[in-house]
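No sequence on hand, only this structure:
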RNA sequence: CGGGGCGUGGCGCAGCUUGGUAGCGCGGGUGCUUUGGGAGCACUAGGUCGCAGGUUCGAAUCCUGUCGCCCCGACCA
């Protein structure tokens, strides 16, 4: 490509709208342009990156026998009603853009494609002899995110690779899942990225085992916990661990503790010289189910711990036949006062009476009481006395209410991973760029996708699904690879491998030499950008650094002696090379970088 | 959804408190000089001041409404 016919459109200053460095560099480098919140145009440079990532994915997936196809974006509501996800994806979380056609039929823009692909599979697959089979696509996805942010990190329209595999047994699914995991590791390393694989919650996609692939970065939206040795790694949504030891309470007292206005764990500890591990705090939630019923939930947890809402959601969801579509904290506001009578906010104990739920409330009339392990293990603890301005010492043994004992806490840095273990957890931020799931028979069951097994009996097809956020991966790569001057693309996914810069295009000697080398590189299938603009060399260098092309060949003063320079973007090291050796030298240096 | 901030040429911003008919830097165009890290001088083009009402002789500025964008928050008991 020639810079004169391939407008770079770089910006001199950082756009005000971007906060994190990768987003700033994408805008500044002219890779993307914002059209609306969470909606971006991919400019030619960006598209080249996307295409490189796509072809790395293609190569690896085809090598394990996956078949590429392309599915529609516009899905009929009826299809999603069959899988039972229409309600929760539109009315519930509202993540699915939806609309009516001129016939007044409902449609949605696809946030994911299980429904469509499973329907296809149900029509095509009839026998175990056709299995296993895996389809995938690289497609635009639409999700009306609660808060789109950070450019391509969390956008409402984005490009994703999504794959779906079909199997005749759970065993076969597991084997393929592992094959896919290996392929994913290769894909990310072939993109020049460092990733961590972590155990994950399956979320609304459903299924049993699932694993996320994370690029570690400060700006990541996920918390991941892992051991130094790598023996354990999990998303905080999923991580299980042993909390640090509490400081036991020695003396039992029946007396109420006067704690005026001390509504938080922090205040109670500070004013009364109590350790936060000696407190059980109570947090109230309201669950809403798909049949509109509303369940008040009371969660008890040790004062120094925090509630993991994902674990809590899953616990409540699996406890009931109907499905939970929303879980929110009950705060003191008009809504809660309408349903609760004289609730002593800030001083609630685990044993607060069911009778505080008003009789005319449309909530269920008794609390679902849950105790996290961290609190359940305490013999005695300080907790709310259910009376404004008072706490007391209490124990679960002395309470008459029924509690469900469960793990609903967030793991923390410093936790042990097993009771007798010596390894503790480290916490870091991560950007999720890939996720693989063993779906099992959830979708095949709902969408009636069956096959005849060896015994001639009909059975639901076993399924797996596998995603990679292509556009997110590109931005995560920048988050991981940049410096003060701009992007430092890994060569594997860089828009160009080398930037050819004649410092003065008006010098016919330079111009001719540049043209010759340009042709030579192109003829050897090297992605080269020739900066043939008639501008000062400084601008070309700045642009080159900004858009992050891994190598630069400068044709300047020494061109009179047929000498050029080969410079690495990352190290800035420059070597002088004779014109006749430049191809060979470049191939040698770039090969080092590819490996 | 709650809280905070911001909407003024392509980009970054000033002007608003105290109304008087829009300015700076970068970028664009032309010319001359310059030419290995975002050059200098001169000239020049380019703006519904987010939108809609209102107050006023007069509104970017004051009032009301509305739309959009960005940031923080789903642990407050």
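All right, it came through fine. Small disclaimer: the values here were computed from a predicted structure and weren't measured.

any idea which helix or strand carries the residue in the stretch 401-550 of chain A positioned nearest to RNA strand B?
Using Cβ to the nearest atom of the strand, the single residue of the stretch 401-550 of chain A nearest to RNA strand B is residue A:538, 2.4 Å away. Just so you know, the C-beta spots here come from the backbone N, C-alpha and C atoms, and that holds for glycine as well. With the criterion set as DSSP states H and E, the secondary-structure element containing residue A:538 is helix A:537-547.

Just list the residues touching residue A:300, thanks.
Listed by Cβ atoms under 8 Å, 6 or more residues apart in numbering, the contact partners of residue A:300 are A:280, A:281, A:282, A:350, A:369, A:370, A:371, A:372, A:375, A:376, A:383, A:403.

Below-threshold pLDDT in chain A: ranges please.
Within chain A, the set of residues satisfying pLDDT under 70 comprises A:92, A:203-207, A:334-335.

What residue in it comes nearest to RNA strand B?
With distances taken as Cβ to the nearest atom of the strand, chain A approaches RNA strand B most closely at residue A:556, which sits 1.6 Å away.

Now the spatially closest residue to that residue that is not a sequence neighbour. Its backbone dihedrals?
With Cβ to Cβ, 6 or more residues apart in numbering as the measure, residue A:503 is the residue that lies nearest to residue A:556, at 4.2 Å, once sequence neighbours are left out. Here the main-chain torsion angles of residue A:503 (degrees, to the nearest 10) amount to phi -70, psi -30.

so residue A:503 sits right up against residue A:539, yeah?
No. Under the criterion of Cβ atoms under 8 Å, residue A:503 is not in contact with residue A:539, lying 10.7 Å apart.

quick one: which of these two has more around it?
residue A:503 (18 against 13; other Cβ atoms under 10 Å).

which residues touch the more buried one?
A:510, A:537, A:540, A:554, A:555, A:556, A:557.

which of the residues in the helix or strand where the first one lies are buried?
Read it as residue A:510. Residue A:510 is located in helix A:508-523, with elements delineated by DSSP H and E. With burial defined by 16 or more other Cβ atoms under 10 Å, the residues of helix A:508-523 counted as buried are A:510, A:511, A:513, A:514, A:517, A:518, A:520, A:521.

hang on, the earlier thing: out of the contacts of residue A:503, which are buried?
Buried positions within those, assessed by neighbour count (16+ other Cβ under 10 Å), are A:510, A:540, A:554, A:555, A:556.

Need the max-distance pair from these.
Spatial extent of these (Cβ to Cβ) is set by the pair A:510 and A:540 at 12.3 Å.

Look up which residues are beta-bridged to residue A:393.
For residue A:393, the residues forming beta bridges with it (DSSP bridges) are residue A:382.

actually residue A:222, sorry about that
Beta-bridge partners, per DSSP bridges, of residue A:222: residue A:430.

rewinding a little: quick check, nearest of the contacts of residue A:503 to residue A:569?
The nearest member of the contacts of residue A:503 to residue A:569, counting by Cβ to Cβ, is residue A:554 at 12.4 Å.

For residue A:343, which non-adjacent residue is closest in space?
Beyond its immediate neighbours in the sequence, the residue positioned closest to residue A:343 (Cβ to Cβ, 6+ apart) is residue A:356, lying 5.8 Å away.

give me phi/psi at the one you found?
According to degrees, to the nearest 10, the main-chain angles of residue A:356 amount to phi -70, psi -10.

With residue A:561 instead?
The phi and psi torsions at residue A:561 (degrees, to the nearest 10) take the values phi -100, psi 20.
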